[in-house]
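Student: any chance you can model this:
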Amino acid sequence: MLIGLAVYFPLLILLSRLAERRHGRTGNSAFYRAARSAPWPMVAFGMIAGSISGVSLVSVPAWASTTGMTYLQMCAGFIVGYIIVALVLLPVYYRLRLTSIYGYLSRRFGPKTRRAGAVFFLLSKLAGAAARLYVAGLVLHTFIAAPFGIPFPVTAAVTLLLIWLYTHRSGQAGLIYTDVFQSLMLLLALGGTLWAVAARMGLDWHGVWTTVRESPMSRVFEWDFASPQAFWRQFLSGIFIVIVMTGLDQDMMQKNLTCRTLRDAQKDMCLYGMAFLPINALLLALGILLYTFCAAQGIALPAKPDALLPQLVSSGALGPWVVIPFSLGIVAAAFSAADGALTALTTSCCIDLLEREDDVRLRRRVHALMVLACLGCVWIFAAVDSPNVINTIYVMASYTYGPLLG
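Tutor: The predicted model follows:
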C-alpha cells in the first residue's frame, strides 16, 4: 500500500508537469480554461472520477440493503439532466465566452446577483469537496497513518498539501491529464473489488449476474407514489440535481468550457452523462454482493452503512490484496473531485468576487487560501462524523444551489 501511494502521488505531479511542458502554459489562461484546447474525449472520461467520487464507492453500495437498486431511477434522471444542460446551458456559456458561469448572472441581473451566486457556489463546493476528501482521508488514515499514531488532522493536512502541489501551477491544463488517470484508477478499483468479492463467493460472472438478479435487493423501480423512492420523484429529482449541481456548478462547467468548441463540449457532456447509469449499477451490484457475502459468512454488519466496504477490506475478509485497488480508487476519485473544486473555487473568487482575472499572484494566494478553507471543512466533517456522506452532500446542495436554480 505504501509503495503504491509512493508511486501514485509523484505520478500525479509528473502528469501535471508534463502538461505544462507540452502546452507551455502556467498562466491564468491555462489555470482557468486550459487555453480552451482540451480534447473532449479526455474531458468526458476525466469527469467520471470527479462526479462518481470516492464517496460513491463507499456509500452507494451501502444503499443496496435499504433502497435496493432504486437509486438507478435517479441516475436515469441524471441522463436527461445532462442532455438539458448540453442543449440549453452550454450554448449560453459558449456564446458569452465565459470563464466563470456566474458572469451570465451579471449580464442578466447585475453584479450583485453575480456575487450572490458565487457565494452560494463557494459555500456548497467547499462543503462537498471537504466531504469527499474526508472519505479519502479516512482511508489513508486507517491504512497508513493510524498504525504510526498519526492523528487524522495531520493526515488531512498532508492530503491537501499533495493536491496543492500538482494543481497550483497549471490548474485546468494539468487536471485534464490527471483526471483521466484518476478516472482510470477508480474504474480499475471498482472492477478489482467486484472481482475480489466474486472470487470469495466462488462465483463466475454468470454467477454474479444470477446472484444480483435473484436478490430481493435488486428491485429497481418503485411505483408507490407515497414512497420516498417513487419512480417519478427520483427521476425528476435526478434531472434537477444535474441542472443545479452540474449546469450551475462552476467546477463541472469549467471543465466543459475547456473544450475547443461548443459541439465538443456537448459531446463530452452527453457521453459522460451516459456513463453514470452503468457505473452506478455496478456499484449497487457490488453492494448486493457484499451483503450476500456477509449473510453467508455470518459477518456482523457495521452500525454505519458507509463502513461496510472499508470494514471488509481492512479486516481481510475480501483477501489481502484488495486493499490496494480499493485505497487507490478512493484516493483517485476524491482527489479528482477536490482538485477540480479547488481550481473552480479559486476561479470564481478571483473573477466573480475580486474581479481580478489576470492577476497571477492573487490567483496563487487565493488558491492557497481555498486549500486552507477546505482543510477546515474536513476537520469539521471529522468532528460531525456523518453516517452517510452522500445524503449530507445532497442536503447541503439543496440549501446552497436552490437559490441558484430559482
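Student: where does the prediction get shaky in the protein?
Tutor: Scanning the chain with the threshold set as pLDDT under 70 gives 1-4, 22-26, 50, 53-55, 385-406.
Student: what's the longest helix in it?
Tutor: Using DSSP state H, we find that the single longest helix of the chain is helix 262-297.
Student: buried residues of that helix, list them for me.
Tutor: Within helix 262-297, the residues scored as buried using 16 or more other CB atoms under 10 Å are 262, 264-273, 275-276, 279-294. (Glycine included, C-beta is placed from N, CA and C.)
Student: tell me the SS of Arg213?
Tutor: Secondary structure for Arg213, judged by DSSP: H, G, I helix; E, B strand; the rest coil, is helix.
Student: now do the one 10 residues further on
Tutor: Taken by three-state DSSP, the conformation at Trp223 corresponds to coil.
Student: now the one 10 residues further on
Tutor: Using three-state DSSP, the three-state assignment for Arg233 comes out as helix.
Student: where do the strands sit along the stretch 1-150 of the chain?
Tutor: For the stretch 1-150 of the chain, strands defined by DSSP state E, counting those that start in this stretch do not occur.
Student: if we can go back for a sec, any idea which helix or strand comes after the longest helix of the chain?
Tutor: helix 308-315 (DSSP states H and E).
Student: chain center to that next one: distance?
Tutor: Between the centre of helix 308-315 and the centre of its host chain there is 21 Å, according to CA atoms, centre = their mean, to the nearest Å.
Student: do stretch 32-43 as well
Tutor: Distance of stretch 32-43 from its chain centroid, counting by CA atoms, centre = their mean, is 19 Å.
Student: from Trp195, how far off is the residue lying closest to Leu312 once chain neighbours are set aside?
Tutor: Leaving aside its chain neighbours, Leu312 sits nearest to Leu318 (5.3 Å; criterion: CB to CB, 6 or more residues apart in numbering). Note on Leu318: its distance to Trp195, by CB to CB, to the nearest Å, is 10 Å.
Student: neighbour count: these two, which is higher?
Tutor: Per other CB atoms under 10 Å, whichever of Leu318 and Trp195 has more neighbours is Leu318, with 21 against 16.
Student: wasn't the more buried one part of a strand?
Tutor: No: Leu318: not assigned to a strand; according to three-state DSSP it is coil.
Student: which residues in the stretch 51-200 of the chain form helices?
Tutor: With helices called from DSSP state H, counting those that start in this stretch, the stretch 51-200 of the chain shows them at 64-67, 71-84, 90-95, 103-109, 111-140, 152-167, 172-200.
Student: in JSON lines, list those along with distance to Gly238.
Tutor: Listed next are the helices of the stretch 51-200 of the chain as JSON lines, based on distance: least, CB to CB, whole Å:
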{"stretch": "helix 64-67", "distance to Gly238": "14"}
{"stretch": "helix 71-84", "distance to Gly238": "2"}
{"stretch": "helix 90-95", "distance to Gly238": "19"}
{"stretch": "helix 103-109", "distance to Gly238": "24"}
{"stretch": "helix 111-140", "distance to Gly238": "17"}
{"stretch": "helix 152-167", "distance to Gly238": "29"}
{"stretch": "helix 172-200", "distance to Gly238": "21"}
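Student: of the ones you listed, which is nearest Leu353?
Tutor: helix 111-140 (5.7 Å; CB to CB).
Student: for the closest one, buried residues please.
Tutor: Going by neighbour count (16+ other CB under 10 Å), the buried part of helix 111-140 is 114-122, 124-140.
Student: packing partners of it?
Tutor: Of the remaining helices and strands, those touching helix 111-140 by 3 or more CB pairs under 8 Å, 6 or more residues apart in numbering; DSSP states H and E are helix 40-62, helix 103-109, helix 152-167, helix 250-256, helix 323-348, helix 360-384, helix 389-400, helix 402-405.
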